[in-house]
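A.B. asks: return a 3D structure for these sequence lines:
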Amino acid sequence: MKIKEIITALEQFAPLPLQESYDNAGLQCGLTEVEASGALLCLDVTEEVLREAVDLGCNLVVSHHPLLFHGVKQVCDANLVQRCLRMAIQNDLCIYSAHTNLDRVEDGVNFRIAEKLGLIDVQLLDASPMTVGTRTVKAGNGVLGYLPEAENSLAFLQRVKQAFGVEALQHNQLLERPVQSVVICGGAGDFLLSQAIQAEADAFLTGEMHYHTWFGHEQELQIAVLGHYESEQFTREIFREIIEHTAPQLPLYDTEVHTNPIQIL
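C.D. replies: Next up, the predicted model:
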């Protein structure tokens, strides 16, 4: 199967027009008319990840975070992005990224986070239908879901910590009422905090929050912050399901490179 057919399947699930205006999802580099020899699935593109793809015989790397987020005015070895570009070109690697389009689409990243938490009745928080080509796609920032049964805030935080295997979980003051309704936004999601409050959610779960955003919400809702990488770690499962359905014979690999640059002592 040609790489372009795999890309078509990915974009059928998460159309590029859904991405945020600042984003650069889609083809990053490489030729798409060639036959796919294998695909390596990752969150971040690094030199180690590309070396792993070459060693595995893969000519396609599918990432969540785009390699080319900002403009590139030269290609040498001055920084990580340039070195990765050179390595990809030298080894005939194709790099494709599905980022905020995958975050915003129905059954995308935030739905997978909700699934890992065991939430039910999950729906897009601010759903809006978008016409893409000849079909209508639901998109929105974040999801609202419900625990099957209400639980105290400490139990909820422990549920989060266990489900995502995090070493440390940031949270605000423990909520003195039960938690059942939860708003989720993977990655840097503090822009959705006000909508979570508006939705009268008991809890808000995201990957990153600015310091000053925490203030003033004691006993308003339970805030929990996982870490950016940790909140999106299951994104590769979505890639795998799409590609396995489209190209069941294609060798697929999850990267074994831990690309989270943040370490906890």
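A.B. asks: ok, Q19 - contacts?
C.D. replies: Under the criterion of Cβ atoms under 8 Å, 6 or more residues apart in numbering, the neighbours of Q19 are A25, G26, H99, T100, N101, R104. Backbone N, C-alpha and C define where each C-beta goes, glycine included.
A.B. asks: equivalent analysis for V34, please.
C.D. replies: Counting by Cβ under 8 Å, 6+ apart, V34 touches K2, I3, N59, D92, C94.
A.B. asks: which of those residues count as buried?
C.D. replies: Applying 16 or more other Cβ atoms under 10 Å to the contacts of V34, the neighbour count classes I3, N59, C94 as buried.
A.B. asks: distance of the second one from L250?
C.D. replies: When you say that, I think you mean N59. Distance, N59 to L250, using Cβ to Cβ, to the nearest Å: 11 Å.
A.B. asks: mutual contacts of the two, please.
C.D. replies: A36, G38.
A.B. asks: of the contacts of Q19, which is the nearest to L124?
C.D. replies: Comparing the contacts of Q19 against L124 with Cβ to Cβ places R104 closest, at 8.3 Å.
A.B. asks: once you drop chain neighbours, what's closest to the closest one?
C.D. replies: Spatially, and ignoring its direct neighbours in sequence, R104 is nearest to A139 (4.5 Å; Cβ to Cβ, 6 or more residues apart in numbering).
A.B. asks: what bridges to the one you found?
C.D. replies: Counting by DSSP bridges, A139 forms beta bridges with V105, S128.
A.B. asks: what sits against it?
C.D. replies: By Cβ under 8 Å, 6+ apart, the residues touching A139 are L18, R104, V105, E106, L124, A127, S128, P129, M130.
A.B. asks: what's the spacing between the closest residue to the fourth one other than its chain neighbours and F156?
C.D. replies: Read it as E106. The shortest distance from E106 to any non-neighbouring residue, by Cβ to Cβ, 6+ apart, is to K138 (4.4 Å). Separation of K138 from F156 (Cβ to Cβ): 27 Å.
A.B. asks: hey, where'd the helices end up in the stretch 1-150 of the chain?
C.D. replies: Secondary structure of the stretch 1-150 of the chain (DSSP state H, counting those that start in this stretch): helices located at 3-13, 47-56, 80-90, 100-104, 109-117.
A.B. asks: show me what the fourth one is packed against.
C.D. replies: Packed against helix 100-104 by the contact rule (3 or more Cβ pairs under 8 Å, 6 or more residues apart in numbering; DSSP states H and E) you find helix 109-117, strand 179-188.
A.B. asks: just the buried ones from the contacts of A139?
C.D. replies: The neighbour count (16+ other Cβ under 10 Å) marks L18, R104, V105, E106, L124 as buried among those.
A.B. asks: wait, the second one sits on N141?
C.D. replies: Spelled out, that is R104. Yes: look at R104 against N141 with Cβ atoms under 8 Å: they come within range, at 6.2 Å.
A.B. asks: quick check: mean pLDDT across the helix or strand harbouring L157?
C.D. replies: Here L157, judged by DSSP states H and E, is contained in helix 153-164. Averaging pLDDT along helix 153-164 yields 98.
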